[in-house]
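Engineer: need the 3D shape of this:
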Amino acid sequence: MSMDTVRNVVVIGAGVIGLTTALKIQEKGGYKVTVIAETFPSDPKSVRYTSPWAGAHHVSHAAADVQQRKIDEETFKVMWDLSAPGGDAEGCFLRIKEKEWFYDGRNTHLDWMPDFQQLPEDPLLPNARIVSFTTFTIDTPAYLNYLLSRFLARGGNVVRSTVQHISQIVEGGAQVFARGRASPTPVDALVVCPGLGARTLGGVEDKNVFPIRGQLVVLRAPWVNFGRTASHEKQGVWTYIVPRRSGDVIIGGTKVDNDWYPVARPETTQDILTRCLALCPELAPAHVRAERAPTVEDLYPLIQEEGCGFRPARAGGIRLGVEWVDTPGKKGKIPVVFNYGHGGGGYQSSWGSASVALDLLEKALVGEQ
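Structural biologist: Residues are numbered from 1 along each chain as shown. Got it, this is the predicted structure:
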């Protein structure tokens, strides 16, 4: 690519994957990037926009998958720098000590994490593999706005619209939605990061994509400054404590495939509170714990919000690849780069998968099909 050539690139999707990928491309230089999406970080929370609902903490799900582990490690390094005292986005992160109980017998290969330790079995919680390490949590609504503002500050553009088919952008560019009958804007490449929308987006329609519903509760408990997670043998259950710098604590949760119910179920909230209190009695205020054993009723006054999100999973894992599509009038083909299907691992793989997408884009644009 010539240094004086600016390529026009459109990214579909403004979740954590779309925004991180767009930012990575924009900051590379030589690109003019536009993000087109129906929903953006500052909008009210909606079940149609999963990223703001995430906990989130950086605990890799890669296990023995070497490529995924490389992606997650790169993301950890970037976010670790962002979270450092005086770092570019310190206020979006909280560095914590994390303790994990694995009842499902997994070896998650997390020994690369800072301060990793294999802990002895807890007699009060038998039959669990226990590890601890240092990581960080992410205040996801704040962090999404950080990504968007940084993208705009670097010269990126955004357009709010619903894309029915990728051919709309291939022919008219993102600005066709903003200007109505404006002249088409040539597009040099398209990057597709629509999350769950990949199921229905015309020109993609990936039926391997499916939701993993996650329900959570937000508590106000600023005295909690550590993380705990229990991975159970029981399907659909995942217990976690994720504190944020703001003093909110995200507790959960569930992981149920193909469950489309769009609001919190009261019985699930009760179950989450029960499980999380058992794992972390410190959720209850100190004055309660000083007088007696805390109960679930002690947590209800702390509830700020209940909700759920649809993790955009994909059978076969993340789709990272390139296809070439025809442009109108037989003017040749342009590359379409795909980056979606991260399931519950979007935040912890965001920067690494964005690097892969950028590499695919650059190779495509110099003709390495």
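
Engineer: wait, is Ala230 part of a strand?
Structural biologist: Yes. The assignment for Ala230, made by DSSP: H, G, I helix; E, B strand; the rest coil, places it in a strand.

Engineer: separation between it and Val237?
Structural biologist: As judged by Cβ to Cβ, to the nearest Å, Ala230 and Val237 stand 9 Å apart. C-betas here are computed from N, CA, C, even on glycine.

Engineer: could you name every residue contacting both of the two?
Structural biologist: Shared contacts of Ala230 and Val237 (Cβ atoms under 8 Å, 6 or more residues apart in numbering): Arg275.

Engineer: and the two? Which one has more around it.
Structural biologist: Ala230 (23 against 18; other Cβ atoms under 10 Å).

Engineer: which SS state does the spatially closest residue to Asn339 that is not a sequence neighbour fall under?
Structural biologist: Distances taken as Cβ to Cβ, 6 or more residues apart in numbering place Ala357 nearest to Asn339, at 4.4 Å, with adjacent residues excluded. What three-state DSSP gives for Ala357 is helix.

Engineer: look at Ala357 and report its pLDDT.
Structural biologist: On the pLDDT scale, Ala357 is placed at 98.

Engineer: for the helix or strand containing Lys363, packing partners?
Structural biologist: Lys363 belongs to helix 346-365 when elements are defined using DSSP states H and E. If you count contacts as 3 or more Cβ pairs under 8 Å, 6 or more residues apart in numbering; DSSP states H and E, helix 346-365 packs onto helix 16-28, helix 66-83, strand 189-192, strand 319-326, strand 333-340.

Engineer: now the last one and helix 16-28, what's the angle there?
Structural biologist: Looking back up the chat, that one is strand 333-340. Here strand 333-340 points in a direction 130 degrees away from that of helix 16-28 (axes from the mean of the first three to the mean of the last three Cα atoms, to 10 degrees).

Engineer: still on that earlier bit, so how far is the helix holding Lys363 off the chain centroid?
Structural biologist: 14 Å (Cα atoms, centre = their mean, to the nearest Å).

Engineer: flag every buried residue along that helix.
Structural biologist: 346-358, 360-362, 364-365 (16 or more other Cβ atoms under 10 Å).

Engineer: and if you look at stretch 108-122?
Structural biologist: 108, 110, 113.

Engineer: helices of this protein, start to end?
Structural biologist: All helices of the chain, identified by DSSP state H, fall at 16-28, 66-83, 140-153, 166-172, 175-179, 266-279, 286-291, 346-365.

Engineer: how about low-confidence regions in this structure?
Structural biologist: 1-4, 104-106, 124-125, 179-183, 233, 330, 368-369 (pLDDT under 70).

Engineer: for the nearest residue to Ile71 once chain neighbours are set aside, give me its contacts.
Structural biologist: Closest residue to Ile71 apart from its sequence neighbours, by Cβ to Cβ, 6+ apart: Gly352 at 3.1 Å. Contact analysis of Gly352 by Cβ under 8 Å, 6+ apart lists 70-75.

Engineer: and which of these is nearest to Ser51?
Structural biologist: Thr75 (14.5 Å; Cβ to Cβ).

Engineer: list the contacts of the residue lying closest to the closest one once chain neighbours are set aside.
Structural biologist: Nearest residue to Thr75, sequence neighbours excluded (Cβ to Cβ, 6+ apart): Trp351, at 4.2 Å. For Trp351, the contacting residues are 20, 24, 74-75, 78-79, by Cβ under 8 Å, 6+ apart.

Engineer: before we move on, what about Gly86?
Structural biologist: Contacts of Gly86 by Cβ under 8 Å, 6+ apart: none found.

Engineer: same question, Val237
Structural biologist: Val237 touches 254-255, 275, counting by Cβ under 8 Å, 6+ apart.

Engineer: again, but for Ser167
Structural biologist: Applying Cβ under 8 Å, 6+ apart, the residues near Ser167 are 202-203, 325.

Engineer: ranking by neighbours, what's the top pick from those?
Structural biologist: Gly203 leads these on contacts (other Cβ under 10 Å) with 17 neighbours.

Engineer: so it sits right up against Val325, yeah?
Structural biologist: Yes. Counting by Cβ atoms under 8 Å, Val325 is a contact partner of Gly203 at 7.3 Å.

Engineer: common neighbours of the two, please.
Structural biologist: Common contacts of Gly203 and Val325, defined by Cβ under 8 Å, 6+ apart, comprise 166-167, 336.

Engineer: all good on my end, thank you.
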